[in-house]
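Q: my questions concern the predicted model and sequence given below.
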Amino acid sequence: MAELILNRQFFVNVIKDMAELVEKEKDHLTKLDSDIGDGDHGVNLSIGFRETMKQLELINSQAPDISSFLKKVGMILLGKVGGSSGPLYGGFFIKAGADVQGKDEVTFEELIGMIENGVNSILQRGKAQVGDKTMVDAFVPGLNVLKDSTDLKPIERFAAFVEQMKKGAESTIPLVAKKGRAMRLGERSVGHKDPGAESSWMLMEVILNNLKKIVGE
């Protein structure tokens, strides 16, 4: 089987589809956040991705490689997305491209490394751990599956990653929040899904769907 190669256009398409997803799910994510947070998660992501779409053609033409392109996307999200989501998602994209400087194509294994770098950025910035009722509850178990399931084909492997992230988001429902605005609710945060955990698996599913397009699934 030929190695899965992802070019710059793949990442441009991913960002476009993420922006479309955020608009579609904006109200859903905002409702989750209104239950335990500031009620602006979906709105904030929408603002960030709308600005990204406004500048997408320009930053793509100016970026010499995939690394620079993702860094520019991350900087927009960092500057435009309010709350904790801006630094976390902005940092994710910035760090995701850190190890692929000078490249206009990456392998599937390099993509895994990019995601791992992004998740590590979230861990460093957010100072959260599994069980704190944050997006970490989706990202960390998912990343473990992605790194460990080397016996699977790339699409199956990434699908397992997204599925585990989805389970991780569900696992936040019975948890007491230990980070962010939701922490102030204490036991009252129990019974609600963390909006960041929900948006994180949805955004990673966008990557999965674009991988499927490449291999014709």
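A: It's in.

Q: all the strands of this structure, residue numbers only.
A: 5-7, 105-107 (DSSP state E).

Q: so of these, which one's packed in deepest?
A: Mean neighbour count, computed with mean count of other C-beta atoms under 10 Å, is highest for strand 105-107 among these, reaching a mean of 17. Backbone N, C-alpha and C define where each C-beta goes, glycine included.

Q: pLDDT below threshold where in the protein?
A: Residues of the chain meeting the criterion pLDDT under 70: 1-2, 179-189, 217.

Q: need the longest helix for it.
A: When the chain is parsed with DSSP state H, its longest helix is helix 8-36.

Q: buried stuff in that one?
A: 8, 10-19, 21-22, 25-26, 29-30, 32-33, 35-36 (16 or more other C-beta atoms under 10 Å).

Q: do a quick rundown of the helices in the chain.
A: Counting by DSSP H, the chain has helices at residues 8-36, 41-62, 66-80, 85-96, 108-126, 136-148, 154-171, 195-215.

Q: count of residues packed around residue 147?
A: Neighbours of residue 147 under the rule other C-beta atoms under 10 Å: 14.

Q: wait, it touches residue 112, no?
A: Yes - contact criterion C-beta atoms under 8 Å: residue 147 and residue 112 qualify, at 6.8 Å.

Q: partners of residue 7 in the sheet?
A: With DSSP bridges applied, the residues forming beta bridges to residue 7 are residue 105.

Q: distance of it from residue 65?
A: Counting by C-beta to C-beta, to the nearest Å, the separation of residue 7 from residue 65 is 11 Å.

Q: need the residues touching each of these two.
A: Residues within reach of residue 7 and of residue 65 at once, by C-beta atoms under 8 Å, 6 or more residues apart in numbering, are residue 104.

Q: now residue 86, nearest residue through space, not along the chain?
A: Leaving aside its chain neighbours, residue 86 sits nearest to residue 78 (5.5 Å; criterion: C-beta to C-beta, 6 or more residues apart in numbering).

Q: report the contact partners of the one you found.
A: Residue 78 is in contact with 86-87, 90-91, 94, counting by C-beta under 8 Å, 6+ apart.

Q: if you rank the residues you listed by neighbours, which is first?
A: Result: residue 90 is most packed of the contacts of residue 78 (other C-beta under 10 Å), 23 neighbours.
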